[in-house]
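> below are the sequence and a predicted model; questions follow.
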Amino acid sequence: MRPAGARAKMTQTFLKRGVMPPADAAADVSATVARILRDIETGGEAAALRHARALDRWDGEVVVSPAAIEAACARVPQELKDAIAWAHDNIARFAEAQRATLTEMEVELRPGLFAGQRVLPVAAAGAYVPGGRYSHVASALMTVTTARVAGVSHIAAVSPPRADAPAGVPDAILYTLNLCGADRVLAMGGIQGVAAMAFGLFDLPPADILVGPGNEFVTEAKRQLFGRVGIDMMAGPTDVLIVADASADARTVAWDLVGQAEHGPNTPVWLVTDSRALAEAVAAEVPACIDTLPEPNRTSAAAAWAALGEIILCEGPEAMAREADRIAPEHLHVQARDLDWWKARLTAYGSLFLGAEATVAFGDKASGTNHVLPTSGAARYTGGLSVHKFLRTVTWQRVEAQALPRLAEVTALISRVEGMEAHARTADLRIRRDAD
């Protein structure tokens, strides 16, 4: 059943509007990345270590040894191990179900003309696991687990080292990477970490694909390397859009906005609603929620809400859906009546969360779907990281004698129309050979 007002004309009122962020230093970032990538490609491991010492400020071993990983795993509390294992099981099972949707096949298109497809994993993957302000255990889960389920032969992971971690990489991340099946871990971040995986330094095989979120330097490094290696996507700052009607709870909506805003001051968050009362209540609740957070979360969330938080009032569900599709958020959370209608109607998002019981944090950490998702409106044309990103669908064909005459005739005719005589003759000779 379509909700009342579903045919309403799309109009919108901004009860709160974000300000355009100042022009960033994208050109400077690009130039810096290009310079460091060139330096590491020509200078190899020595150059990578030089940049790591300067930028990561880590003087320990870069390659995390099996003994260091074992010691780190022993330091992780059992309660946390159990939680990580529970999330890992969900993520692996979802990836396995995704893998089952892509199968090998064979079809006889014409008598004697066979074609098919094979599904092959890439040989080597490199996963970037952020570890700056927050230790992203969940990113280790999402990237390495998915690659392992896809059947990737070698999985490397890099993570920025921290002075308070004995092995450089925090114990919880090392435990997670070990559980998920990473073959080698480097305590190295930023451009130099990406370059090490792409160029095959420190005894790594050169990566066929680079995955995982990172800051603007990591993202730009992946962009510049794309073509010689595959990448998952060009990810910008994370975001969330909540669609809510009058049935939603204002405090729940507010916390779900704040839960994403704490990522940092460049995090856009939107509320799209057809209820002015809800909009005004949420506007009052958000600052109150932010004030209860510890630092640095409070400052990050407050800056994001002040600069990029928006509350958009629409005339009915259809207008709300159109606004959500226009923005194409990374995370789209529906807290409204008739969830089936919303699920069928909404078309542009990285991941969809249906109902007040769901929250973006579930998908980010443990529910099973992947949290590496398209941002900045890219959900209009691409999906997030999945087992399919690590797989290649390749095709094959086989031709028997009975299919040759017509197949060769059609090929030769099209080739000559295109002016490709050699192509045509490769078809002609097969007709003559078959006749002989």
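Great, that's in hand.
> how about the strands in the protein?
Here the chain has its strands, by DSSP state E, at 12-16, 105-110, 113-121, 124-128, 154-159, 184-187, 209-211, 230-231, 240-244, 269-273, 309-314, 331-335, 351-354, 391-399.
> winner for burial among the ones you listed?
strand 124-128 (a mean of 29; mean count of other C-beta atoms under 10 Å). Every residue, glycine included, has its C-beta placed from N, CA and C.
> contacts for that strand?
Strand 124-128 has contacts (C-beta atoms under 8 Å, 6 or more residues apart in numbering) with 139-140, 143-144, 147, 152-159, 182, 193-194, 197-198, 204-214, 218, 390.
> so which of the residues you listed belong to helices?
Ser139, Ala140, Thr143, Val144, Ala147, Gly193, Val194, Met197, Ala198, Val218 (DSSP state H).
> which of those lies closest to Gly316?
Distance to Gly316 across those (C-beta to C-beta) is lowest for Ser139, with 38.1 Å.
> pull the contacting residues for the residue lying closest to that closest one once chain neighbours are set aside.
Sequence neighbours aside, Val129 is the residue nearest to Ser139 in space, at 5.0 Å (criterion: C-beta to C-beta, 6 or more residues apart in numbering). Going by C-beta under 8 Å, 6+ apart, Val129 touches His136, Ser139, Ala140, Thr143, Ala157, Val158, Ser159, Ile173, Leu177, Gly212.
> what's the pLDDT at Gly168?
On pLDDT, Gly168 comes in at 95.
> can you check Asp24 too?
Reported pLDDT for Asp24: 56.
> look up how far Val62 lies from Gly189.
Gly189 sits 11 Å away from Val62, going by C-beta to C-beta, to the nearest Å.
> who has more neighbours out of these two?
Under the criterion of other C-beta atoms under 10 Å, the comparison of Gly189 against Val62 puts Gly189 first, with 28 against 24.
> nearest residue to the more buried one other than its sequence neighbours?
In space, Gly189 is closest to Pro160, 2.7 Å off (C-beta to C-beta, 6+ apart).
> so who does that neighbour touch?
Counted by C-beta under 8 Å, 6+ apart, Pro160 has contacts Asp56, Pro130, Gly131, Gly132, Ala187, Met188, Gly189, Gly190, Gly193.
> now with 10 Å?
The contact partners of Pro160, by C-beta atoms under 10 Å, 6 or more residues apart in numbering, come to 52, 55-58, 128-132, 135, 168-170, 187-190, 192-193, 214-215, 218.
> got a quick ChimeraX command for the buried subset of those residues?
Here is the ChimeraX command that selects only those of the contacts of Pro160 that count as buried (16 or more other C-beta atoms under 10 Å):
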select :52,55,56,58,128,129,130,131,135,168,169,170,187,188,189,190,192,193,214,215,218
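> below-threshold pLDDT in the stretch 301-436 of the chain: ranges please.
For the stretch 301-436 of the chain, the stretches flagged by pLDDT under 70 are 434-436.
> which parts of it are helices?
317-327, 339-345, 360-365, 404-417, 421-435 (DSSP state H, counting those that start in this stretch).
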